[in-house]
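A.B. asks: Sequence and predicted structure below; questions after.
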Amino acid sequence: MQAAYILWAVLAEQRPRAAIATLMMFTCRGLLGCSTQLPLPAEFLGSGMDFPVGNVSFFLFYSGHVAGAVIASIDMRRVGRRRLAVLYDTLNLLQFVRLLACRGHYTIDLAVGVGAGLVFDMLAGWYLDSKNIDSGDNRCCSSCQKALVSQKLTS
C-alpha cells in the first residue's frame, strides 16, 4: 500500500519527497544488510517456515516495511490527509505485531525502521531544499523562504 501511495504522490501529484526518502531508505538498508549479515551457525536446523531461510540470512537491519509505511504516513500528514495517515499508522502497528509474531524481524529492526522512516524523510526534505526544488507539499524551500523574508524586510 505504501508503495502505491508513494508512486501516486510522485507521478500524479508531482511531489517527489516521499519517493526520494524511500529510495534513500532502501539504498541504506541494502548497504547495511550486506555489511552486517552474519553467517548461520553450522548446527542451525531451520525449516521452510523459519527465518532465516535455508543457509541465507533473511534478516536485514531495520524493517523496510515499517520505514516505508512511516514515510508514507508522514507525507500524508504533510499534505493534510490526517485520517489516511492514522489508518496507515494503525496498519503499520498491525504489521509490526505480525512481523514480531512471525519472526520476520527482531524487535530492534522494527524500532529502527520507525526511526529510519523519520530520518530519511527529513534527509529528503533537506536534499530538496538544498537543490531549491519545491517538494510539492504546499510550502516553499528554505532558500525561497529566506528570499521572501528578506524581500519583505527590505520593502
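C.D. replies: That came through fine.

A.B. asks: Tell me, how many residues neighbour the nearest residue to residue 107 once chain neighbours are set aside?
C.D. replies: Spatially, and ignoring its direct neighbours in sequence, residue 107 is nearest to residue 100 (6.5 Å; CB to CB, 6 or more residues apart in numbering). Quick note: C-beta positions are derived from backbone N, CA and C, even for glycine. Residue 100 has 14 neighbouring residues, counting by other CB atoms under 10 Å.

A.B. asks: Would you mind giving both backbone torsions of residue 100?
C.D. replies: Main-chain dihedrals, residue 100, degrees, to the nearest 10: phi -70, psi -40.

A.B. asks: What's the per-residue pLDDT of it here?
C.D. replies: For residue 100, the pLDDT comes out at 86.

A.B. asks: Give me the distance between it and residue 110.
C.D. replies: For residue 100, the distance to residue 110 (CB to CB, to the nearest Å) stands at 7 Å.

A.B. asks: what about whichever helix in the chain runs longest, distance to the chain center?
C.D. replies: As assigned by DSSP state H, the longest helix anywhere in the chain is helix 107-130. Between the centre of helix 107-130 and the centre of its chain there are 6 Å (CA atoms, centre = their mean, to the nearest Å).

A.B. asks: for it, which positions count as buried?
C.D. replies: 109-110, 112-114, 116-117, 119-121, 124-125, 127-129 (16 or more other CB atoms under 10 Å).

A.B. asks: same deal with stretch 92-106?
C.D. replies: In stretch 92-106, counting by 16+ other CB under 10 Å, buried: 92, 95-96, 99, 104-106.

A.B. asks: Looking at these, which gets the smallest pLDDT?
C.D. replies: When the buried residues of stretch 92-106 are compared on pLDDT, residue 104 comes out least confident, at 71.

A.B. asks: Can you pull the phi/psi pair for that one?
C.D. replies: Backbone torsions of residue 104, given as degrees, to the nearest 10, read phi -80, psi -30.

A.B. asks: Would you mind confirming that it makes contact with residue 97?
C.D. replies: No. Between residue 104 and residue 97 there is no contact, the gap being 10.8 Å when judged by CB atoms under 8 Å.

A.B. asks: Which elements pack onto the helix or strand that contains residue 74?
C.D. replies: Residue 74 is part of helix 64-78, with elements assigned from DSSP states H and E. Helix 64-78 is packed against helix 2-11, helix 17-36, helix 82-101, helix 107-130, with contacts defined by 3 or more CB pairs under 8 Å, 6 or more residues apart in numbering; DSSP states H and E.
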